[in-house]
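>>> The sequence and its predicted three-dimensional model are supplied below.
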Amino acid sequence: MRILLLSDIHGNLPALTAIEHFFAGRSFDSIINCGDSTVYAPFPNETIQWLQDRKAYSILGNTDHKVITLLQGGTFKKPHDEEKRIMYRSTMQGLNARSKQYLLALEDSQRLIFEDCSIGLFHGSPDHPRELLFAQTPADRFQELSQLTDCRIVVTGHSHSPYHKHIDGTHFINPGSAGRMFDGNPEASCATLTITNYDIQVRHHRIAYPVEEVVEALRREHLPEIYADMFRQGRKLN
């Protein structure tokens, strides 16, 4: 079984399209998406449609949660900066009815079974949806987390940090961010997971995409210029 692992797409349809073109001619049995599908790049409806059309298994991320809060008439404290808050409002206001329904139906986590292998989907970690796990996170923390789930494979997102660790019998995988990397390289990040009997293979990929398509779309929506810089530089906003 071959699975495409995605997370933190952040509404970046050009990045998704580039990923699909990169793997053209190579089929996947399933697609897994670990949340933060929306906010920052201005293609939320198209991104959600892409995930729906391909029957991707998806969960909620923290940006998705904030959009839902706005949809339900609520508010949130962070981010404080108006230049950041405007992206959530813009996303919420641009969602069509189908996209709203899709987000509202998602859960914080999901458990799947493929090839008799259990896979847990979490945005942050099995302990908390906003926990940040990195490649350099100490092994003892992963050991603690392995005791919180019976899943043989744990797929996470949130940190935008690609890694694969095999600790105490549990495979921890973060595919990185498909739409908004923070390491100074704007290329999309994803991973492939291959399960053959009891053998598990993971490979990470970096894929170039037309960043200027995102920049032009941001400008058409009259969104802050700092986001154009963010996507071009592959850096997190301060």
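Arrived safely.
>>> make it CA atoms for all contacts and neighbour counts henceforth
OK.
>>> report the longest helix in the chain, please.
Ranked by residue count and defined by DSSP state H, the top helix of the chain is helix 82-94.
>>> Packing partners of it?
helix 44-53, helix 62-71 (3 or more C-alpha pairs under 8 Å, 6 or more residues apart in numbering; DSSP states H and E).
>>> Can you check what angle separates the first one from helix 82-94?
Going back to what we said before, that points to helix 44-53. Helix 44-53 runs at 60 degrees relative to helix 82-94, counting by axes from the mean of the first three to the mean of the last three C-alpha atoms, to 10 degrees.
>>> just to revisit the earlier point, could I get the helices and strands packed on helix 82-94 as a markdown table with distance to Q101?
Output for those, formatted as a markdown table (distance: least, C-alpha to C-alpha, whole Å):
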| stretch | distance to Q101 |
| --- | --- |
| helix 44-53 | 11 |
| helix 62-71 | 10 |
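>>> which stretch among those helices comes nearest P162?
Nearest of these to P162, taken as C-alpha to C-alpha: helix 62-71 at 18.2 Å.
>>> going on from the helix or strand bottoming out on mean pLDDT in the chain, what's the next piece of helix or strand?
Ranked by mean pLDDT, DSSP states H and E, the weakest helix or strand in the chain is helix 82-94, scoring a mean of 93. Sequence-wise, the next helix or strand downstream of helix 82-94 (DSSP states H and E) is helix 97-105.
>>> following that next one, which helix or strand comes up?
Counting by DSSP H and E, the next helix or strand C-terminal to helix 97-105 is strand 109-114.
>>> residues of the least confident helix or strand of the chain that come out buried?
Judged by neighbour count using 16 or more other C-alpha atoms under 10 Å, the buried positions of helix 82-94 are K84, I86, M87, Y88, S90, T91, M92.
>>> List the contacts of it.
38-40, 42, 44-45, 63, 66-68, 70-71, 79, 223-224 (C-alpha atoms under 8 Å, 6 or more residues apart in numbering).
>>> Can you go through those residues and name the buried ones?
38-40, 42, 44-45, 63, 66-68, 70-71, 223.
>>> In the protein, mark out all the strands, start to finish.
2-6, 30-33, 57-58, 109-114, 117-122, 153-155, 163-167, 170-174, 188-196, 199-207 (DSSP state E).
>>> N12: which of the ones you listed is closest?
strand 188-196 (9.5 Å).
>>> Looking at the closest one now, give me its mean pLDDT.
The pLDDT scores in strand 188-196 average 98.
>>> contacting residues around that strand?
Strand 188-196 has contacts (C-alpha under 8 Å, 6+ apart) with 1-7, 15, 19, 115, 162, 174-181, 200-209.
>>> Compute the distance between A139 and Q147, please.
13 Å (C-alpha to C-alpha, to the nearest Å).
>>> which residue lies farthest from the center of this protein?
Farthest-out residue of the chain from its mean C-alpha position, per C-alpha atoms, centre = their mean: N197, at 27.1 Å.
>>> Please name the nearest non-neighbouring residue to that residue.
E115 (6.9 Å; C-alpha to C-alpha, 6 or more residues apart in numbering).
>>> Repeat that for Q49.
Using C-alpha to C-alpha, 6+ apart, the closest residue to Q49 is S99 (7.6 Å).
>>> repeat for L112
In space, L112 is closest to I119, 5.1 Å off (C-alpha to C-alpha, 6+ apart).
>>> that older thread, and the residue farthest from the centre of the chain, how far is that from N12?
Relative to N12, and taking C-alpha to C-alpha, N197 is found at 34 Å.
>>> returning to that earlier point: run a quick check on the residue farthest from the centre of the chain versus F114, I expect a contact.
No. In this structure, N197 is not within contact of F114 by C-alpha atoms under 8 Å, at 10.1 Å.
>>> Give the residues shared as contacts by these two.
What both N197 and F114 touch, as defined by C-alpha under 8 Å, 6+ apart, is an empty set.
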